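K.L.:
coords please:
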Amino acid sequence: MKTIRASLLAVALFTTALTAPAQAAVSDYDLALHWAPVHHQDTDSSDADADYLSTVDFDGDWNTLNNWENQTQLAKLTGAAYYSVVETSTHWFLVYSFFHPRDWDDQPDPFGTRTHENDLEGTLFVVRKDAGFGTLEAAVTVAHSDFYSYVPAGSPYQNGSETIDGTLLLVGGRPATFQEAKGHGLYRWNGADFPGGDGVIYQPAATGEVPSGGNDRSVGYRLVNSLDANGMWARRTNSETYSSFGTFRGDNGKDNAANAPWGWDDQNDGAIYRGYLATDPALVIDKYFANKGTFSLTYTRNAFR
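P.N.:
Numbering: from 1, shown residues only. So this is what the prediction gives:
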């Protein structure tokens, strides 16, 4: 009798295992929202609103030749960040990018060497696919023509072909980023107050908000998928928005000087090619870092390829 009961129990458990619903997959938006950074945007008091975040089409069109002029339409500068997700069997790779209508200076630039229309710089987060939203293991940020590498406390990653530049701090479980005023180079936040004491702290939210001024310490920013239909990537060959692949049109200051994520390039990282931070992030991370553990270079999903 005990043998029969044991057999029936085993069958019941096996049947339950077969019929139990699988754990729902994490959506790209939910994943991006979970890891979206607390973003510290420095502002320059001479023109603080020129450092507010927005989207490429903040002014209602995708014509990037009028963004410099339309930057003064402050009510339209609602906080936003672009994101994209690609994945391998072991990791998610999340790119966040932050747009400003102007890369500017508080000094005259008559020869167009220090300023330009449109500006998009950002960061790549590397998340190991384990339970739930995974585990953040590394970040690479974009500051002009250089990339910077960071790891959160506890990450096993070590120096690879590039030297790790510091510890990625977390605020409330979220990575914390910092972006310069005027030129908008992006780095990890180092825990200090803003240079000069004024800046905007953007928090991920369902709805983007316009800062109340250049020293607003709690402003919502919304997430926009770079891969959306009629979005940044979908328009990649559209001449209204881009002058060439990965480069926005712009005619204030230096012409055509701002890049989309698939146009980002580090000036001295050897065989890591232009745009790979978005289009082939696994290769970038494999080269930049050592001691990564199990790490696949084969994409199970990558809309950029």
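K.L.:
can you map out the helices along the stretch 201-305 of the chain?
P.N.:
Taking DSSP state H, counting those that start in this stretch as the criterion, the stretch 201-305 of the chain carries its helices at 276-279, 281-288.
K.L.:
deepest of those, which one?
P.N.:
Among these, judged by mean count of other Cβ atoms under 10 Å, the one packed with the most neighbours on average is helix 276-279 (a mean of 24). For glycine as for every other residue, the C-beta is placed from the backbone atoms N, C-alpha and C.
K.L.:
Just after the helix or strand where D119 lies, pick out the following helix or strand.
P.N.:
Applying DSSP states H and E as the criterion places D119 in strand 116-128. For strand 116-128, the succeeding helix or strand toward the C-terminus, using DSSP H and E, is strand 135-143.
K.L.:
Next, the angle strand 116-128 makes with that next one.
P.N.:
With axes from the mean of the first three to the mean of the last three Cα atoms, to 10 degrees as the basis, strand 135-143 and strand 116-128 are set at 160 degrees to each other.
K.L.:
Return the distance of the following helix or strand past strand 135-143 from the chain's centre.
P.N.:
Sequence-wise, the next helix or strand beyond strand 135-143 is strand 146-150, with elements assigned using DSSP H and E. When C-alpha coordinates are averaged (Cα atoms, centre = their mean, to the nearest Å), strand 146-150 and its chain have centres 13 Å apart.
K.L.:
For strand 146-150, buried residues please.
P.N.:
Using 16 or more other Cβ atoms under 10 Å as the burial criterion, the residues of strand 146-150 that qualify are 147-150.
K.L.:
Enumerate every residue touching the closest residue in space to V142 that isn't next to it in sequence.
P.N.:
Ranked by Cβ to Cβ, 6 or more residues apart in numbering and with sequence neighbours excluded, the top spatial neighbour of V142 is E121, at 4.6 Å. When contacts are counted by Cβ atoms under 8 Å, 6 or more residues apart in numbering, E121 touches 97-98, 141-144, 179, 184-186, 264.
K.L.:
For E121, give its distance to R114.
P.N.:
Computed with Cβ to Cβ, to the nearest Å, the distance linking E121 and R114 is 16 Å.
K.L.:
Identify the residues contacting E240.
P.N.:
Taking Cβ under 8 Å, 6+ apart as the criterion, E240 is in contact with 62-64, 249.
K.L.:
can we see that at 7 Å?
P.N.:
E240 makes contacts with 62-63, as judged by Cβ atoms under 7 Å, 6 or more residues apart in numbering.
K.L.:
Wait, D146 touches D269, no?
P.N.:
No - counting by Cβ atoms under 7 Å, D146 stays clear of D269, with 8.8 Å between them.
K.L.:
which intervals of the stretch 151-300 of the chain have sub-threshold pLDDT?
P.N.:
When the per-residue scores of the stretch 151-300 of the chain are filtered using pLDDT under 70, no range remains.
K.L.:
Please name the spatially closest residue to A258 (chain neighbours excluded).
P.N.:
Ranked by Cβ to Cβ, 6+ apart and with sequence neighbours excluded, the top spatial neighbour of A258 is N118, at 3.9 Å.
K.L.:
Likewise for E209?
P.N.:
Counting by Cβ to Cβ, 6+ apart, G220 is the residue found nearest to E209 once chain neighbours are left out, at 4.4 Å.
K.L.:
Tell me the bridge partners for the one you found.
P.N.:
Beta-bridge partners recorded for G220 (DSSP bridges): Q203.
K.L.:
Just give me the neighbour total for it.
P.N.:
Applying other Cβ atoms under 10 Å, we find 16 other residues in the vicinity of G220.
K.L.:
Surely it is in contact with T207?
P.N.:
Yes - the pair formed by G220 and T207 meets the contact definition of Cβ under 7 Å, at 5.9 Å.
K.L.:
State the distance from the residue nearest to V142 to Y52.
P.N.:
According to Cβ to Cβ, E121 stands 15 Å off from Y52.
K.L.:
Was I right to think E137 contacts Y157?
P.N.:
Yes - in this structure, E137 is within contact of Y157 by Cβ under 7 Å, at 6.0 Å.
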